[in-house]
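Colleague: everything below, folded, please.
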Amino acid sequence: MDRPNYITPAGYAVLSAEYRQLLGEERPKLVDVISWAAGNGDRSENGDYIYGRKRLREIDRRAAFLARRMKAAKVVDPAQQPDRSKVYFGAAVTIADEDDNHRTLTIVGDDETDAGEGRIGWNAPLARALRGATIGDVRRVELPGGEREYEVMAIAYPSPEDFRADD
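Modeller: Here you go, the predicted structure:
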């Protein structure tokens with residue numbers, strides 16, 4: 001990986017929780033089912049055994065992927081951002097397009113994107129165009145639907161108290 005895998009503390013916690021759930025809960029239960037199914041005789045027509053082995057491979061692949069992503073992760077807390085006047089990682093940015101349609105996007109790590117929730121990866125074309133922008137800046141970005149211009153209307157970062165309330 002040539003680029004850092006930036007991630008918010010909340011995003012890292014989600015990856016870590018999924019990893020722990022897969023290896024600590026789901027995999028041991030599945031191993032028990034496979035062992036039981038293997039003891040029932042003919043494995044070639046044993047659905048529990050065949051499905052269990054397939055699911056076990058899926059869990060192991062996902063756990064290995066999560067382990068690699070967590071190892072490469074560089075946790076960046078947006079609440080600690082000293083310069084809140086510009087768009088950086090973790091910023092919630094309100095933008096307006098040419099038709100004066102407003103929307104708010106939060107720039108997060110690539111592992112925690114969710115377009116429906118307004119979270120875009122920091123490597124997405126729109127996020128790259130917005131990096132370093134200040135309120136009032138107009139940025140042009142090439143999107144699959146064509147070139148668009150967006151004006152930065154507001155920039156916000158979470159406060160440190162936002163994270164303490166969840167602990």
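
Colleague: which residues in this protein form helices?
Modeller: Here the chain has its helices, by DSSP state H, at 9-21, 27-38, 47-72, 125-130, 160-164.

Colleague: who does the longest one touch, helix- and strand-wise?
Modeller: Counting contacts by 3 or more CB pairs under 8 Å, 6 or more residues apart in numbering; DSSP states H and E, helix 47-72 packs against helix 9-21, helix 27-38. To be clear about C-beta, it is placed using only N, CA and C from the backbone, and glycine gets the same treatment.

Colleague: next, the angle from the last one to helix 47-72.
Modeller: To tie it back to what came earlier, the one meant is helix 27-38. Here helix 27-38 points in a direction 160 degrees away from that of helix 47-72 (axes from the mean of the first three to the mean of the last three CA atoms, to 10 degrees).

Colleague: give the buried residues for helix 27-38.
Modeller: By neighbour count on 16 or more other CB atoms under 10 Å, the buried set for helix 27-38 is 27, 30, 34, 37.

Colleague: likewise stretch 5-13?
Modeller: Taking 16+ other CB under 10 Å as the criterion, stretch 5-13 shows 5-8, 10-12 as buried.

Colleague: hang on, the earlier thing: and the helices of the chain as CSV, adding distance to Val87 and mean pLDDT?
Modeller: What follows is the helices of the chain, written out as CSV (distance: least, CB to CB, whole Å; pLDDT from 0 to 100):
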stretch, distance to Val87, mean pLDDT
helix 9-21, 18, 95
helix 27-38, 41, 89
helix 47-72, 24, 93
helix 125-130, 5, 94
helix 160-164, 19, 56
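
Colleague: out of these, which one sits most buried?
Modeller: Neighbour counts (mean count of other CB atoms under 10 Å) averaged over each of the helices of the chain peak at helix 125-130, with a mean of 19.
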